[in-house]
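*Asks:* 3D, please:
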Amino acid sequence: MRIRHLIAVMLVLGLGTVGAMAADYTVPLSGGINPTGYTNYAAKPAGEVFVYGGLNTGSIRMQSGYFKFNTSALPAVTVTGVTFNYYVNAANWPYWSITPLTGDPTTATAAVLWTDIQAEKTVGYYNFLNEGSTYGVGWHTVVLGGTANADVTAAIGTYFALGAASRDDGAATYFQEIDGFGMPNLPYLVVSDNPPPANDTCAGAIVIPGTPGSSSYTGNTALAANDYDCNAACVSTLPHADKDVAYTITLPAGCEVCVTLNQSVMTWNGGVYMVTDCADVDATCVAGASGWLAGGLDETFCFSDTATETYYIIVDGRTGGGSGPFQLDVTVSCLNGPTDLVCIDNGATAGLTWTNNDTYDNVEVYQDGILVLTLPGTATGASVTGVAKGYHCYYVCGVFGTDSKCSEDCCMIQGYDTVTVLWDFEGDDGGFVADGTGGWQWGAPSFGPCAGGADGKVWATDLDANYVNSACWLLDSGTIDLGDKGAFVCFDQCYDIETTWDGGVVWFTTDDYWYYNFEPLDGTDVPAITATPGCQWVAGRAGFSGDSGGWVTDCWDFTDAMWLNEDIKIRFAFGSDTSVAYSGWMIDNITVYNNVTAGPIDCDYTVLPAVGTVPFQVLHRITLTNTLTGGQVYTRRVAARLKVTIGNGTSYNPWRTGFTNVQPGSFYFTQFP
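*Replies:* Have a look, this model is predicted:
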């Protein structure tokens, strides 16, 4: 309580002194009885801040909030950063903007204040924010962009005010409530006069060595000046933002640079891209060398050139995404790595072949990310032996000195006895059932980047046009027999989908009632697809989104004991949001890998005592030896059926089930594990 009262009555807490080179200052609310509150156009209650959507009916409008802060004791500094700190006590997916206020919110009428807050909610805002399902109760911090630094600098000695406007017009179910005056957790600002970093300008761009090796760079775009922007040439292709920093690299001919903007250290929505000249507004954005963080994933691109050139790598904030700390990971390689890797399933052996494209000291072979073979630099093939049955991925790397370059992965399912293409969709639609909502079509595709690589006929969200907005489409397969030894289920797919906002999710069912959604062996693209909130099959689920880069194969593992002897169906669920549509999702060649070689294992047990009460608490261990592969022992989960025969004079107490006094001469079956 003492801390809260201290914040409420203090004017400014400076973490530096006036005239210091760098300092942060905490700016509290203004005094009086109404420095915070909300307006619905007709009334202006003070205190808690409501930010609600809703319909405009008569004199009543959606609820918009306001905040007034006391800058009278703020030193005369040039503000280089403003963070808005506030406590949310209730929320549900608010889409909102933090806006400038031209007048004093404590004296303006409800109607004038409401109009003032709304004026910059789509253009001229400090922040444009789309909150998700994880946005909820607790403290939140937002770096103010736009003209906030200049506006706070101009307001020193008086007050600074801002508004909070919902963009969910007509939808009062999306909202947030923020603690205001008279409540436990008061909002406040942190104002900085930290000088911008040297690489805020092109002339100060940090130099990345163009020699082979890896390096990491950390920084904070929040410290960059608001009025400097390197991305003028990229505005037409990337969402424009207001804070960025620059790096430069002279890349030798034939070398490749790979750049990753590391999501793990970022709490803001940023991007990274390359230009040919940071200072020139007519500079060319390097094709394929740009992108924004999406869905919690790192943003990575690789670029190479046939001539030695100097490039600028720009770390930037997405429109409304804010700014803050980041980590940039850079790897330079001047080798041409192996290509055309082919992997062949030979049971417990994997046969690999590839093409070398440079001179290597040696070639390294990796299985499932682990180095298993080191070969002479001239090697173009290898055999990996002793491979356990299952799904495995391989790649090979050419090594020269300290530099190395690797091939793409080659993945396959090994050791399974039958490979059956259940549905290739050439002769018919496979008996698949679409839910009748206007999506999912069967036939030969003629539209989009996936159509050219299609193997004949497919199932697609649309064969000859983009999918529609607000889609929620389901497609159900026929029955797949997993067998009694487990199976892998795979299918080919290609997709061109708006990243994160739209996507596809794969479900499985054994009874048309309970549905299971779990990751394929190679994972999904995004952890949570936005889609239409009412589309529960897709919204908030991990799934496939963005550009698949052509036709790919994905597989699911059904070798766990819970799936043995089960028949499953696949449900393909596709969802989109309310804007922007792409060519969509295509499905083909559904394949099942079964293991049918081994038969049932009969095991005899003697249960003692022969007469009396038998407490059945026995651990049963079974060793499986594969005589077909030279006696190799496999350790696997085993599902067994135990038959217990009851002798005369013996009562049987099965520990797992609790049955007692089974009649002599009868028997009992139990299933484990």
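
*Asks:* what pairs with the helix or strand hosting F50, and is each one parallel or antiparallel?
*Replies:* Per DSSP states H and E, F50 falls inside strand 49-52. Strand pairing for strand 49-52, determined by DSSP bridges: strand 175-178 (antiparallel).

*Asks:* Who does the very next helix or strand once past the partner strand pair with, and is each partner parallel or antiparallel?
*Replies:* Remark: after strand 175-178, the chain's next helix or strand is strand 188-192, criterion DSSP H and E. Using DSSP bridges, the strands paired with strand 188-192 in its sheet are strand 24-27 (antiparallel), strand 81-92 (antiparallel).

*Asks:* Which residues does strand 188-192 contact?
*Replies:* Contact with strand 188-192 is made by 7, 22-29, 69, 74, 77, 79-85, 152, 160, 222-223, as judged by C-beta atoms under 8 Å, 6 or more residues apart in numbering. Where C-beta positions appear, they are placed from N, C-alpha and C, glycine not excepted.

*Asks:* Next, the buried residues of whatever helix or strand comes next after it.
*Replies:* Downstream of strand 188-192, the first helix or strand assigned by DSSP H and E is strand 206-208. Within strand 206-208, the residues that qualify as buried are 206, 208, counting by 16 or more other C-beta atoms under 10 Å.

*Asks:* Mind listing residues that contact the helix or strand just after the strand holding F50?
*Replies:* Tracing the chain C-terminally past strand 49-52 and defining elements by DSSP H and E, one meets strand 64-70 next. Residues outside strand 64-70 that contact it (C-beta under 8 Å, 6+ apart): 11-12, 27-31, 35-40, 49-51, 84, 86, 101, 104-106, 113-114, 117-118, 159-166, 178, 180, 187-189.

*Asks:* Low-confidence ranges, the stretch 301-450 of the chain, go.
*Replies:* 318-322 (pLDDT under 70).

*Asks:* hang on, the earlier thing: mean pLDDT added to the strands paired with strand 188-192, as a markdown table?
*Replies:* Below are the strands paired with strand 188-192 laid out as a markdown table (pLDDT from 0 to 100):
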| stretch | mean pLDDT |
| --- | --- |
| strand 24-27 | 94 |
| strand 81-92 | 95 |
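
*Asks:* Tell me where the stretch 151-300 of the chain has strands.
*Replies:* 159-166, 175-178, 188-192, 206-208, 213-220, 244-251, 256-261, 270-275, 285-292, 299-304 (DSSP state E, counting those that start in this stretch).

*Asks:* other SSEs contacting the fourth one?
*Replies:* When you say that, I think you mean strand 206-208. Under the contact criterion of 3 or more C-beta pairs under 8 Å, 6 or more residues apart in numbering; DSSP states H and E, strand 206-208 touches strand 213-220, strand 244-251.

*Asks:* what lines up beside it in the sheet?
*Replies:* strand 244-251 (parallel).

*Asks:* Kindly report the same for the first one.
*Replies:* Under the criterion DSSP bridges, strand 159-166 sits next to strand 64-70 (antiparallel), strand 95-100 (antiparallel) in its sheet.

*Asks:* just so I know, which of the ones you listed lies nearest G254?
*Replies:* strand 95-100 (47.2 Å; C-beta to C-beta).

*Asks:* coming back round to it: so for D547, which of the strands paired with strand 159-166 sits nearest?
*Replies:* strand 95-100 (25.9 Å).

*Asks:* Which residue is the nearest non-sequential neighbour of W537?
*Replies:* The shortest distance from W537 to any non-neighbouring residue, by C-beta to C-beta, 6 or more residues apart in numbering, is to A573 (3.7 Å).

*Asks:* Show the buried residues in the contacts of strand 64-70.
*Replies:* 12, 27-30, 35-40, 49-51, 84, 86, 101, 105-106, 113-114, 117-118, 159-166, 178, 180, 187-189.

*Asks:* and the helices and strands packed on strand 206-208 as CSV, adding mean pLDDT and mean neighbour count?
*Replies:* Shown next, in CSV, are the helices and strands packed on strand 206-208 (pLDDT from 0 to 100; neighbours: other C-beta atoms under 10 Å):
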stretch, mean pLDDT, mean neighbour count
strand 213-220, 90, 13
strand 244-251, 91, 22
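
*Asks:* Dump those into JSON lines; add distance to G452 as well.
*Replies:* As requested, those are exported to JSON lines (distance: least, C-beta to C-beta, whole Å):
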{"stretch": "strand 213-220", "distance to G452": "36"}
{"stretch": "strand 244-251", "distance to G452": "32"}
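
*Asks:* So for A487, which of those sits nearest?
*Replies:* Closest among those, using C-beta to C-beta: strand 213-220, at 40.5 Å.

*Asks:* got the end-to-end distance for stretch 300-313?
*Replies:* 12 Å (C-alpha to C-alpha, to the nearest Å).

*Asks:* Please enumerate the helices of the stretch 501-650 of the chain.
*Replies:* Counting by DSSP state H, counting those that start in this stretch, the stretch 501-650 of the chain has no helices to list.

*Asks:* mind checking how far D409 is from Y366?
*Replies:* 9 Å (C-beta to C-beta, to the nearest Å).

*Asks:* out of the two, which sits in the busier spot?
*Replies:* Counted by other C-beta atoms under 10 Å, D409 and Y366 do not tie: Y366 has more neighbours, with 18 against 14.

*Asks:* if I look at G377, how far off is S304?
*Replies:* Taking C-beta to C-beta, one finds G377 at 21 Å from S304.

*Asks:* burial measure for the spatially closest residue to D429 that is not a sequence neighbour, as a count.
*Replies:* Leaving aside its sequence neighbours, D429 sits nearest to W442 (C-beta to C-beta, 6+ apart; 4.0 Å). Neighbour count of W442, defined by other C-beta under 10 Å: 17.

*Asks:* before we move on, what about Y95?
*Replies:* Y95, neighbours per other C-beta under 10 Å, totals 15.

*Asks:* picking up where we left off before, the strand or helix carrying the residue nearest to D429 - contacts with which helices or strands?
*Replies:* Element membership of W442 [criterion: DSSP H and E] is strand 441-443. Applying 3+ C-beta pairs under 8 Å, 6+ apart, one finds that strand 441-443 contacts strand 458-460.

*Asks:* Pairing partners for the strand it packs on, with directions?
*Replies:* strand 441-443 (antiparallel), strand 584-594 (antiparallel).

*Asks:* export those strands to TSV and tack on distance to T353?
*Replies:* Formatted as TSV, the strands paired with strand 458-460 follow (distance: least, C-beta to C-beta, whole Å):
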stretch	distance to T353
strand 441-443	37
strand 584-594	22
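
*Asks:* among the ones you listed, which is nearest E299?
*Replies:* strand 584-594 (22.9 Å).

*Asks:* Thank you, goodbye.
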